[in-house]
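Visitor: Build me a model from this:
(one chain, ligands or ions: 1)
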Amino acid sequence: MTDTRLRLVILGGYLGSGKTTWLRHQLHVGAFGLRVHVVVNEAAEVPVDDALLAGADGMTLLSGGCCCCAGRDEMIDALRRLCDLRSRKSAVEVRLERIVLETSGLADPGAIVAAIQADPVLVNHIVVDETIVAVDALHALAQLATEPLGRRQVEAADRLVLTKTDACDPAALACLRATLAVLNGHATVSAAVLGEDVALPPLPEDARPAALIALAEEDGRGPITPTQVAIPEGMDWSAFTLWLSALLHARGNDLVRVKGVVRTPAGRLLLQTVRKVVQSPEILPEQGDMRRDDVIVFIGRGYRPEDLGRSLRRFLGLPAAAPSAMALEGSP
Ligand SMILES: Nc1nc2c(ncn2[C@@H]2O[C@H](COP(=O)(O)OP(=O)(O)OP(=O)(O)O)[C@@H](O)[C@H]2O)c(=O)[nH]1
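Guide: Numbering: from 1, shown residues only. Predicted coordinates:
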């Protein structure tokens with residue numbers, strides 16, 4: 001008998017690894033079919049990814065908690081609702097065929113699969129088709145060396161999509177591929193540039209994996225958490241850019257990810273960085289939920305959340321008014 005359960009694809013990968021960019025393109029070219037619903041989970045309460053993911057049949061946003069831990073119940077509820085909607089449709093109606101769940105960059109996809117399989121309702125209605133993990137060719141070797149989560153994400157994958165290969169040195173790419181083969185020899189490996197599939201060259205025979213030492217789950221550095229900073233009204237943009245560059249220069253290794261949609265004289269600007277790499281500006285259309293504009297989310301560790309907003313205001317010569325930065329509740 002054919003399995004009529006709803007298919008679920010889990011798309012994971014470390015903070016800023018290129019999940020949304022990849023998914024955006026794959027939806028555009030119809031890689032997941034037409035009747036696909038996207039569920040986006042972001043660690044921060046001020047999400048950005050939903051503004052980018054047009055092209056799906058529908059979208060559910062789960063923000064403010066990672067769905068492998070703090071946001072697990074919310075994810076289960078959302079998936080149950082989608083199953084319920086689907087089962088109420090008759091066989092002749094257009095029924096949802098697939099869900100793609102883009103996890104937050106702090107999620108362990110393995111824990112999500114386990115949660116779905118342990119749910120007495122979902123297990124009868126959903127089958128996990130594939131776990132795809134985006135691997136940032138520029139930063140993955142450094143992440144795998146120090147972050148247990150990065151390793152768990154790779155280990156959980158059925159398919160590894162190497163992103164940013166356009167910006168990566170060939171020798172480092174070969175070393176990364178050899179390292180991934182050690183961590184997860186079962187996953188298929190492909191590459192994509194800005195979401196579009198590209199061919200990988202044959203792996204050089206002399207490619208050697210990086211030596212990965214065993215990592216303790218708790219190494220005293222504390223958890224990676226999101227902090228939101230409200231942009232002061234009428235802010236001087238050149239001063240802000242200067243402040244951000246200085247911050248990334250000094251703390252780019254602690255500050256894993258920065259993103260937000262900000263209003264500038266040129267329009268709504270998508271601002272994002274991954275470690276010290278700043279994306280060239282992208283102007284977003286004047287549509288969608290714009291209530292979250294002008295709040296930037298900083299995701300990292302090793303600083304006090306309140307210091308970010310304070311430092312920005314001081315740099316801009318503004319009084320240290322009401323607290324403009326706070327640690328987000330429910331963050332993993
Ligand atoms: N050069 C280059 N940059 C890329 C590529 N894919 C993604 N990026 C950039 O990497 C940054 C992060 O990409 P996203 O797609 O937002 O990453 P993400 O994994 O969804 O991020 P989080 O949801 O915050 O974890 C953006 O600035 C992208 O433009 C690529 O193939 N090449």
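
Visitor: What residues does the protein have near the ligand?
Guide: The chain comes close to the ligand at residues 13, 15-21, 49, 105, 134, 163-164, 166-167, 192-194, 257, 259, 272, 274, 279, as judged by Cβ under 6 Å from any ligand atom. For glycine as for every other residue, the C-beta is placed from the backbone atoms N, C-alpha and C.

Visitor: Only whichever of those are buried, select them in PyMOL.
Guide: In PyMOL syntax, the buried subset of those is picked out as below (16 or more other Cβ atoms under 10 Å):
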select buried, resi 13+15+16+17+18+19+20+21+49+105+134+163+164+192+193+257+259+272+274
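
Visitor: Which secondary structure state does the residue most central in space within the chain sit in?
Guide: Of all residues in the chain, the one closest to the mean position by Cα atoms, centre = their mean is Gly105, 4.0 Å from it. Put simply, Gly105 is coil when judged by DSSP: H, G, I helix; E, B strand; the rest coil.

Visitor: Isn't it up against Thr20?
Guide: No. If you go by Cβ atoms under 8 Å, Gly105 and Thr20 don't touch, sitting 10.0 Å apart.

Visitor: Can you pull the residues that touch both of these two?
Guide: Common neighbours of Gly105 and Thr20 (criterion: Cβ atoms under 8 Å, 6 or more residues apart in numbering): none identified.

Visitor: Identify the residues contacting Gly33.
Guide: Counting by Cβ under 8 Å, 6+ apart, Gly33 has contacts Glu97, Arg98.

Visitor: Roughly how far does it sit from the ligand?
Guide: For Gly33, the distance to the ligand under the criterion Cβ to the nearest ligand atom, to the nearest Å works out to 21 Å.

Visitor: contacting residues for the residue nearest to the centre of the chain?
Guide: Gly13, Tyr14, Leu15, Gly16, Ser17, Lys19, Ala43, Val256, Arg257, Ile299.

Visitor: tell me the least confident of those?
Guide: For those, the weakest pLDDT value sits at Ala43, with 74.

Visitor: Number of residues surrounding that one?
Guide: Neighbour count of Ala43, defined by other Cβ atoms under 10 Å: 28.

Visitor: Help me confirm that Leu149 comes into contact with Leu106.
Guide: Yes. Using Cβ under 8 Å, Leu149 makes contact with Leu106 at a distance of 6.9 Å.

Visitor: More neighbours: which of these two?
Guide: Neighbour count, other Cβ under 10 Å: between Leu149 and Leu106, Leu106 has more, with 29 against 20.

Visitor: Tell me which residue of the stretch 151-300 of the chain lies closest to the ligand.
Guide: Gln279 (3.0 Å; Cβ to the nearest ligand atom).

Visitor: was I right about that residue contacting Gly260?
Guide: No. Taking Cβ under 8 Å as the definition, Gln279 is not a contact partner of Gly260, at 11.9 Å.

Visitor: tell me, what's touching these two both at once?
Guide: Taking Cβ under 8 Å, 6+ apart as the contact rule, the neighbours common to Gln279 and Gly260 are Leu271, Gln272.

Visitor: Tell me the backbone dihedrals of the closest residue to the ligand within the stretch 51-200 of the chain, please.
Guide: The nearest approach of the stretch 51-200 of the chain to the ligand comes at Gly105, 2.9 Å away (Cβ to the nearest ligand atom). Backbone dihedrals for Gly105, given as degrees, to the nearest 10, come out at phi -70, psi -10.

Visitor: Lowest average confidence across helices and strands of the protein, where is it?
Guide: Taking mean pLDDT, DSSP states H and E as the measure, the helix or strand of the chain with the lowest value is strand 325-327, at a mean of 42.

Visitor: residues contacting Leu244?
Guide: Under the criterion of Cβ under 8 Å, 6+ apart, the contact list for Leu244 reads Val258, Thr273, Val278.

Visitor: Mind checking which of those are in strands?
Guide: Among those, the ones falling in strands (DSSP state E) are Val258, Thr273, Val278.

Visitor: who does the second one bridge with?
Guide: For Thr273, the beta-bridge partners are Val258, Val278 (DSSP bridges).

Visitor: hang on, Arg7 packs against Val127?
Guide: Yes. Taking Cβ under 8 Å as the contact criterion, Arg7 and Val127 are neighbours in contact, 6.1 Å apart.

Visitor: When these two are compared, which one has more neighbours?
Guide: Arg7 (18 against 15).

Visitor: quick one, strands of the stretch 151-300 of the chain?
Guide: 159-163, 188-193, 196-198, 225-230, 255-264, 267-274, 277-278, 282-284, 295-300 (DSSP state E, counting those that start in this stretch).

Visitor: so which of the ones you listed comes closest to Arg310?
Guide: Smallest distance to Arg310 across the strands of the stretch 151-300 of the chain (Cβ to Cβ): 9.7 Å, for strand 225-230.

Visitor: Export the closest one to PDB, keeping only CA atoms.
Guide: As requested, C-alpha coordinates have been extracted for strand 225-230 and formatted as PDB (Å, rounded to 0.1, in the frame of the first residue of the first chain):
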ATOM      1  CA  THR A 225      21.900  33.400  22.700                       C
ATOM      2  CA  PRO A 226      20.000  36.000  20.700                       C
ATOM      3  CA  THR A 227      19.900  39.700  21.800                       C
ATOM      4  CA  GLN A 228      17.700  42.300  20.100                       C
ATOM      5  CA  VAL A 229      18.800  45.900  19.700                       C
ATOM      6  CA  ALA A 230      16.300  48.500  18.700                       C
END
